[in-house]
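Engineer: Next one to model:
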Amino acid sequence: MYQYNDFDRDFLAERNAQFRAQVARRLDGSLTEDEFKPLRLMNGVYLQLHAYMLRVAIPYGTISADQMRVLADLAEQFDKGYGHFTTRQNIQYNWPKLSDIPDMLDRLGEVGMHAIQTSGNTIRNVTADHFAGAAADEIIDPRPVAELLRQWSTDHPEFQFLPRKFKIAVTGSPNDRAVTRAHDIGLVAAEKDGKVGFEVIIGGGLGRTPMVGKTVREFVAVEDLLPYCEAIVSVYNRLGRRDNKYKARIKITVHENGLDEMREQIEARFAEIKPLFSGIDQAMLAGIEAQFASPAFRPSSDLPPVLDPALKAWVDTNTVAHRRDDHAIVTISLKAHGATPGDATAEQMRLMADLAERFAYDELRISHEQNVILPHVRRADLPAIYAMLRHAGLGTANVGLASDIIACPGMDYCALATARSIPVAQAIANRIDEMGIEHDIGALKIKISGCINACGHHHVGHIGILGLDRAGVENYQITLGGDGTETMSVGERAGPGFAYDTIVPAIERLILAYLDQRADASETFLAAYRRLGAAPFKAALYPERETQDAA
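Structural biologist: Now for the predicted structure:
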């Protein structure tokens, strides 16, 4: 992984010292909250319902054991003993005192971490496939490109005051695990004439107006990628609307100007700025790539025959193929039934750090699905890893299943939320566990957002849930058929919303209807929905309508 150099360390120390002085001025009353707000947002500090919140970047989801231990220390010393991993491959601390945040940032800086540009109308944390560098289907490890983009975008003088926030995702695989088509820029590895490059997608996004990103160029060679991305952001910065924040994202810019017009302006800007790069970006990329060399893999015997059914279920569900046959990729579920999705205690973070150091070549990844990955694990070590995870409450075998729910913090924490998300996720997971059919249900992605901003990615859930306020009462809308992969689709609203105390039975009816009508056990919920259409699922959600129609 990337290691900070002297420039990085000096830059971060100076930036943190500057913010420490700004915090002191806020605490002594020299700055009002309104004056302080843009300064704190530049350093990842939000004001939530009950306290300030610090959002720490985990660029492209890659983190070392030592960095994870520092995250645990911060949770223990400055928060309530836990942290919350988000859908943007960040970690959030929900309860720090403002006076402590400069100390937290200094501690992060000591291990090469920061909170810069995790908020504000700028280029946010660049995310990537959480299996990057390990996946069997990978064309190229996308993390060096993501790191180049991170360095380019950090404090970029032209892009600190964009019309709205801007998000980039990168995947090195044709199987999209980074939700690239829901980003302002999505980069998908591709090959052409023996060269490796990227398909470039623009104008995706969720929130109030969900849109599937559109391909602006089928192939951009690696050596042209940075100036091409700069051209995109430059054109957006000029054309993007600043009169209405709800129409300020690049997805609206693409919609209003048309893809062809956007492409023409991007290509013209690219032709202008490409000569200015003079190869320095490629020299930087080469230096970055050298830091992402593969670990010195230790050969492994295969996993011995598994007799323990719990271990077998975990191996079947929480591991996937590695590019080496004698290794596996392990996903650690942060979704124990009834737990808060994405939360990890300090003790659990330290255990995951220990596992990475002992079994996984000192690497961990954070996924946008709010889980933690051990990307390189010898297959013979799987039983030992599972035993340690299970002892720590991290051995739930549910990755990709119905209780592996994405949920935003909702009204329990967020000042923007209009309904609770966490209790709904907990109740659904508990009910699925009680039903005892989770593994029979198979792959099913349920995603929950507590407001229209869609931080829980509900639009791309096979079953999406959106919590809203209806005259002071929580109301939960259901969307069906969303998909965040390379076949991305935005879910269709099923009909009227459900009260807080009826949403779990509604989800149960949906699942039972799917089990009753699927073609066979191999047909997933999404495949069944695409084959059958919405009608049978709506009938299950609203049985009273069927009764009225029959009458």
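
Engineer: going forward, measure contacts between C-alpha atoms and count neighbours the same way
Structural biologist: Fine.

Engineer: which residues of the stretch 101-250 of the chain fall in helices?
Structural biologist: In the stretch 101-250 of the chain, the helices defined using DSSP state H, counting those that start in this stretch lie at 101-110, 143-153, 222-239, 250-257.

Engineer: Taking helix 250-257 as reference, get the angle to the longest one.
Structural biologist: Our comparison of helix 222-239 with helix 250-257, counting by axes from the mean of the first three to the mean of the last three CA atoms, to 10 degrees, yields an angle of 70 degrees.

Engineer: Mind putting the helices of the stretch 101-250 of the chain into a markdown table with distance to residue 478?
Structural biologist: Output for the helices of the stretch 101-250 of the chain, formatted as a markdown table (distance: least, CA to CA, whole Å):
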| stretch | distance to residue 478 |
| --- | --- |
| helix 101-110 | 38 |
| helix 143-153 | 34 |
| helix 222-239 | 33 |
| helix 250-257 | 24 |
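
Engineer: Mean pLDDT, mean neighbour count and distance to residue 316 for these - can I get that in a markdown table?
Structural biologist: Converted to a markdown table, these look like this (pLDDT from 0 to 100; neighbours: other CA atoms under 10 Å; distance: least, CA to CA, whole Å):
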| stretch | mean pLDDT | mean neighbour count | distance to residue 316 |
| --- | --- | --- | --- |
| helix 101-110 | 98 | 20 | 36 |
| helix 143-153 | 98 | 21 | 27 |
| helix 222-239 | 98 | 20 | 36 |
| helix 250-257 | 98 | 19 | 38 |
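
Engineer: Looking at those helices, spot the one closest to residue 295.
Structural biologist: helix 143-153 (14.7 Å; CA to CA).

Engineer: Mind listing residues that contact the closest one?
Structural biologist: With contact meaning CA atoms under 8 Å, 6 or more residues apart in numbering, helix 143-153 is reached by 2, 59-60, 123, 125-128, 132-133, 159, 170, 226, 281, 284-285, 288-289, 292.

Engineer: Please repeat the previous calculation with a cut-off of 6 Å.
Structural biologist: Here helix 143-153 makes contact (CA atoms under 6 Å, 6 or more residues apart in numbering) with 288, 289.

Engineer: Tell me how far the closest residue to residue 84 other than its chain neighbours lies from residue 406.
Structural biologist: Excluding the flanking residues, the one nearest residue 84 by CA to CA, 6 or more residues apart in numbering is residue 343, at 4.4 Å. Distance, residue 343 to residue 406, by CA to CA, to the nearest Å: 11 Å.

Engineer: and residue 486, helix, strand or coil?
Structural biologist: Reduced to three states with DSSP: H, G, I helix; E, B strand; the rest coil, the structure at residue 486 is coil.

Engineer: Look up how far residue 43 lies from it.
Structural biologist: Taking CA to CA, one finds residue 486 at 33 Å from residue 43.

Engineer: can you pull the pLDDT of residue 86?
Structural biologist: As summarised for this prediction, residue 86 has a pLDDT of 96.

Engineer: Now do the same contact list for the closest residue in space to it that isn't next to it in sequence.
Structural biologist: Spatially, and ignoring its direct neighbours in sequence, residue 86 is nearest to residue 370 (5.6 Å; CA to CA, 6+ apart). Residues near residue 370 by CA under 6 Å, 6+ apart: 85, 86, 87, 342.

Engineer: Relative to residue 50, how far out is residue 131?
Structural biologist: Distance, residue 131 to residue 50, using CA to CA: 35 Å.

Engineer: ok, now residue 402?
Structural biologist: 31 Å.

Engineer: Who has more neighbours out of the two?
Structural biologist: Remark: of residue 402 and residue 50, residue 402 carries more neighbours, 24 against 12, as counted by other CA atoms under 10 Å.

Engineer: confidence score at that one?
Structural biologist: 98.

Engineer: of residue 343 and residue 406, who's got more company?
Structural biologist: A count of neighbours by other CA under 10 Å puts residue 406 above the other of residue 343 and residue 406, at 29 against 20.
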